[in-house]
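> got a sequence here, can you model it:
(2 chains)
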Amino acid sequence: MGEALDFTKSDALTMGVELELQIVDRRTGDLTRGASDLIHLIERKPYPGDIKPEITESMIEISTKVHTRFGPLRDELRAIRDTLLQAADRLDLAIAGGGAHPFQRWHERQIFDRPRFRHVAGLYGYLAKQFTVFGQHVHIGCTSGDAAMPLLHNLARYVPHFIALAACSPYYQGVDTAFDCSRLNTVFAFPLSGRAPFVTDWAGFEAYFAKMKRLGVVESMKDFYWDIRPKPEYGTIEIRVFDTPLTVDRAAELAGYLQAVCAMLADTGAQPQSEDIYLAYSYNRFQACRFGLEAQLIDVASGAAIPLHRDVLDTVERCRPYAQRLESTEALDAIEALVRVHGNQARWQRETYQQSRSLAEVVLRSASLWSGRTP
Amino acid sequence: MPAVPRGAAGSFFASSIRYDRTANEGARIDLPMTDSSFLPDWPANWPGMLSLALLALAASVAGELCARWRAPRLVGYTLAGFLFALLAYGLAQVDLVAIAPADAELAIGIAAALILFDLGQRVSWGWLQRNPALLATSIAESLLSFGAVFVALRALGTAALPAVMTAAIAIATSPAVVLAITREVRAQGQVTERLLLLTALNCVYAVVLSTLLLAWVHVESRGAFDTWVLQPLYLVLGALALAAAAARAMLAVLRYVGRERASQITVVLAFVAVVFALAQVLRLSPLLALLTFGAFARAFDRERRLMAADLGLPAALALLIFFALSFATVDFALLAPAWLPAAALVLVRVAAKIAASVALAHASGLAWRKGAWLGAGLAPMSAVALLLSRELAVAYPQLGAQVGAVIFSSVFVLQIGGALLLVWALRATGEAREA
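Next up is the predicted model:
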């Protein structure tokens, strides 16, 4: 029944980062067309990482190679950023992070001219264009499918952390959504969003996939828009709940934090026993999207409500020994400073708007933040 | 017979037949006061504004008809204006539909002022610094089209002086056509942005170059060296100074107004009107003043105070009036004699702009195919060219008539033909975003 999904073996705790970025008009701060011109220019010379078009002409995706350490990952992200900026400068474009563009009108987006994207646009109609949101995806290497599935379910508890720490899409379609992360609300609209089914070994997952395929619900793994999904051809699980941060350094720090959590889980995490771990999943996820670091999480095991920021700080402490081994203490320090001092980048965007009274200004200032050229 | 306008550089555009409205008044029969004196006179004494309003109505209907056929609306506006002119020509004797030149000039002047400002504020100095090959493209396409037009006209037997003047004027791409088309198809992308930038720049070159050439003609023909050095200096530097001062003042006002788009638009429109009026009073080139006013407003705006990036409805209205009027007061006597040199001008000019743009496409970071479309997009010609030939005609009626005839016929082709070519370019490069 159905072909097997072979899970490529990769080294545990390796990681790779993909960032979906906004292409912005330097004058108006609006999204603008530019992906194919940027790529045309970049491809003339060898360049670091990978730079690809995404579903619309105003989005570009960068991805790193596979890394084992936080430092080199951050360096590669910086190198890719600088390559991209060099090209963008010559085309008078700006590049910005952020989970959503604050004021673009989605019906004005043009779908990138490639068969796969045309297919997606045809299937999902307005959802495809509304889906002009920008996420960071982090891949974590797993030695086997049987190792991947338990990790996937054990990570579910930390998904609200990742959402709240990365959240930077408070503005959408020109209004303050009151959410720190409005982007995931857009993802919810897709029929196959949410979480993976509760199967804890690879054979079980293959059986599930075969059934879904036979039913005609999906054609490939690409059709699942889950928060965390296995990526058998890379031998990874892919965490997809991060908004694209406003800086590449933050993107690397979030990946470093995720890697340390995974290391801790691999060491201490028991096999997930029951689907009950998902009882409060949607609730906690909503809390994190809506309130960011101020969210109240429900801990299913104890039944207690815990402030999210408290829970992150506890987790950071528990992860420190693993981070030391992975040489990512710097990343954990940054996460701790984010929680204790700076707040997430949704807060930065709201403060910038308060100061400038202009969403265009929020975009243009976040573009200069992303360039790393101004303090 | 070129009509004589009121000010040397004071009016934007005045290729108008001067209907002598007072001449008809003597023809009216003086009726004694009777019971029917509350009735209007016959032939009716039409207020000029009524003709203007009717023209605007006709133009908007024609524009929508064009849109239905996926042709740019400005083609409809222009043709409506042209038909209006034909009608006026035919009915001139009864003085029914003629638009008073004063009404036309004011309306078209304000409209053009807005269009030039809108274009000027899109000029990004930073971009030229970051991508020097773009500046090279601008200079190359201007120089090459200047040279090519000059050689072609000389080859066809045009005298050197009118040939060089015509070539200078033909450097300019039409800001109105470029803005109207890019707005209408909601164009976005490299070709669009570069087109707007190159257009703003080549208009500035054309104005400065033709002003300098005019001064040179003065020196040659009259030998009054000092006056004719001072005059172009005054025209150019004065316009720049006015623009810079106005840009500073506007940004200062905007500090208090804030970044709300709706409140900014009023301020911006008022400043455009002020600069236009001052340029006329000071006898400076309004064209140069408004283009550079927009460019300075953007360049000085380090805190990004100026948010009204798109003037929206006011600009759309300005464009409609502009195109409808551009041929509504046409002088048909000018159209006939210069078809051959005009055709040569059109061909070599388009070819030169494409060649320069293709040659520098790679260096400036563009695929050569897009470079070709960019060059083709620079084809439109319109009011800037007409204005410059008018300025010439004021000082040198005979030279002005020679240059004006060629320019006028070329504009006649390249306002509509250039617009169609531009739409084609934007569609071919995928930058048009029509529904």
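> and the average pLDDT for the helix or strand encompassing A:Tyr353 is what?
Taking DSSP states H and E as the definition, A:Tyr353 sits inside helix A:345-356. Mean per-residue pLDDT for helix A:345-356: 95.
> quick check: buried residues in that helix?
For helix A:345-356, the neighbour count (16 or more other CB atoms under 10 Å in any protein chain shown) marks A:Gln345, A:Ala346, A:Arg347, A:Trp348, A:Gln349, A:Arg350, A:Thr352, A:Tyr353, A:Ser356 as buried. For the C-beta atoms, the positions are set from N, CA and C on the backbone; glycine is no exception.
> return the residues in contact with the residue nearest to the first one when sequence neighbours are not counted.
Of all residues beyond its chain neighbours, the one nearest A:Gln345 is A:Cys168 (3.7 Å), with distances taken as CB to CB, 6 or more residues apart in numbering or on different chains. A:Cys168 makes contact with A:97-99, A:180-181, A:243-246, A:344-346, A:348-349, according to CB atoms under 8 Å, 6 or more residues apart in numbering or on different chains.
> what is the nearest of those residues to chain B?
Comparing the contacts of A:Cys168 against chain B with CB to the nearest CB places A:Gln349 closest, at 15.8 Å.
> which single residue of the stretch 201-350 of chain B ends up nearest chain A?
For the stretch 201-350 of chain B, CB to the nearest CB, closest residue to chain A: B:Arg259, 4.0 Å.
> count the residues that sit near the residue nearest to that residue when sequence neighbours are not counted.
Distances taken as CB to CB, 6+ apart put A:Ser358 closest to B:Arg259, at 4.0 Å, once the chain neighbours are dropped. By other CB atoms under 10 Å in any protein chain shown, the residues close to A:Ser358 number 22.
> so A:Ser358 makes contact with B:Met307?
Yes. The criterion here is CB atoms under 8 Å, and A:Ser358 meets it with B:Met307 at 6.1 Å.
> okay, and the common contacts of these two?
B:Arg259.
> list the contacts of stretch B:258-266.
Under CB under 8 Å, 6+ apart, the answer for stretch B:258-266 is A:356-358, A:360-361, B:254, B:257, B:305-308, B:311-312, B:314.
> and the strand or helix carrying B:Val268, which residues are buried?
Taking DSSP H and E as the definition, one finds B:Val268 inside helix B:261-281. By 16+ other CB under 10 Å, the buried positions in helix B:261-281 come out as B:Gln264, B:Ile265, B:Val267, B:Val268, B:Leu269, B:Phe271, B:Val272, B:Val274, B:Val275, B:Phe276, B:Ala279, B:Gln280.
> where does the residue nearest to the fifth one when sequence neighbours are not counted sit: helix, strand or coil?
The shortest distance from B:Leu269 to any residue that is not its chain neighbour, by CB to CB, 6+ apart, is 6.1 Å, and that residue is B:Pro314. Reducing the assignment to helix, strand or coil with DSSP: H, G, I helix; E, B strand; the rest coil, the entry for B:Pro314 is helix.
> buried residues, the helix or strand encompassing B:Val61. List them.
Assigned by DSSP H and E, B:Val61 belongs to helix B:48-68. By neighbour count with 16+ other CB under 10 Å, helix B:48-68 contains the buried residues B:Gly48, B:Ser51, B:Leu52, B:Leu55, B:Ala56, B:Ala58, B:Ala59, B:Ser60, B:Ala62, B:Gly63, B:Cys66.
> again with stretch B:169-181
B:169-181.
> which SSE is A:Asp333 in?
Using DSSP H and E, A:Asp333 maps to helix A:329-337.
> packing partners for that helix?
Helices and strands touching helix A:329-337, by 3 or more CB pairs under 8 Å, 6 or more residues apart in numbering or on different chains; DSSP states H and E, are helix A:70-90, helix A:248-268, helix A:308-326.
> and among those helices, the most buried is which?
Mean neighbour count (mean count of other CB atoms under 10 Å in any protein chain shown) peaks for helix A:248-268 among these, with a mean of 23.
> tabulate the CA atom coordinates of that helix in CSV.
The C-alpha trace of helix A:248-268 is given here as CSV (Å, rounded to 0.1, in the frame of the first residue of the first chain):
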residue,chain,number,x,y,z
VAL,A,248,19.7,37.1,11.0
ASP,A,249,21.4,37.0,14.4
ARG,A,250,18.0,36.5,16.1
ALA,A,251,17.3,33.7,13.5
ALA,A,252,20.5,32.0,14.5
GLU,A,253,19.8,32.4,18.2
LEU,A,254,16.3,30.8,17.9
ALA,A,255,17.9,27.9,16.1
GLY,A,256,20.5,27.6,18.8
TYR,A,257,17.8,27.6,21.5
LEU,A,258,15.8,24.9,19.6
GLN,A,259,18.9,22.8,19.2
ALA,A,260,19.7,23.0,22.9
VAL,A,261,16.1,22.0,23.8
CYS,A,262,16.3,19.1,21.4
ALA,A,263,19.6,18.0,23.0
MET,A,264,17.9,18.1,26.4
LEU,A,265,14.9,16.2,25.2
ALA,A,266,17.2,13.5,23.6
ASP,A,267,18.9,13.1,26.9
THR,A,268,16.0,13.3,29.3
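> following element in sequence after that helix, please.
Following helix A:248-268 in sequence order, the next helix or strand is helix A:281-291 (DSSP H and E).
> who does whatever helix or strand comes next after that next one pair up with?
For helix A:281-291, the succeeding helix or strand toward the C-terminus, using DSSP H and E, is strand A:296-298. Take DSSP bridges as the rule and strand A:296-298 pairs in its sheet with strand A:305-307 (antiparallel).
> distance between the partner strand and the chain's centre?
Put simply, strand A:305-307 sits 24 Å off its chain's centre (CA atoms, centre = their mean, to the nearest Å).
> can you check stretch B:155-164 too?
With CA atoms, centre = their mean as the basis, stretch B:155-164 stands 24 Å off its chain's centre.
> same check, this time on stretch B:400-413
Distance, centroid of stretch B:400-413 to centroid of chain: 14 Å (CA atoms, centre = their mean).
> if I look at the residue lying closest to B:Leu287 once chain neighbours are set aside, how far off is B:Leu240?
In this structure, B:Leu287 finds its nearest non-sequential neighbour in B:Val207, 5.7 Å apart by CB to CB, 6+ apart. Relative to B:Leu240, B:Val207 is positioned 11 Å away (CB to CB, to the nearest Å).
> quick check: neighbours shared by those two?
In contact with both B:Val207 and B:Leu240: B:Leu288, using CB under 8 Å, 6+ apart.
> who has more neighbours, those two?
Using other CB under 10 Å, the more surrounded residue of B:Val207 and B:Leu240 is B:Val207, with 27 against 18.
> is it true that the more buried one touches B:Ser285?
Yes. Applying CB under 8 Å as the test, B:Val207 and B:Ser285 come out as touching, 5.9 Å apart.
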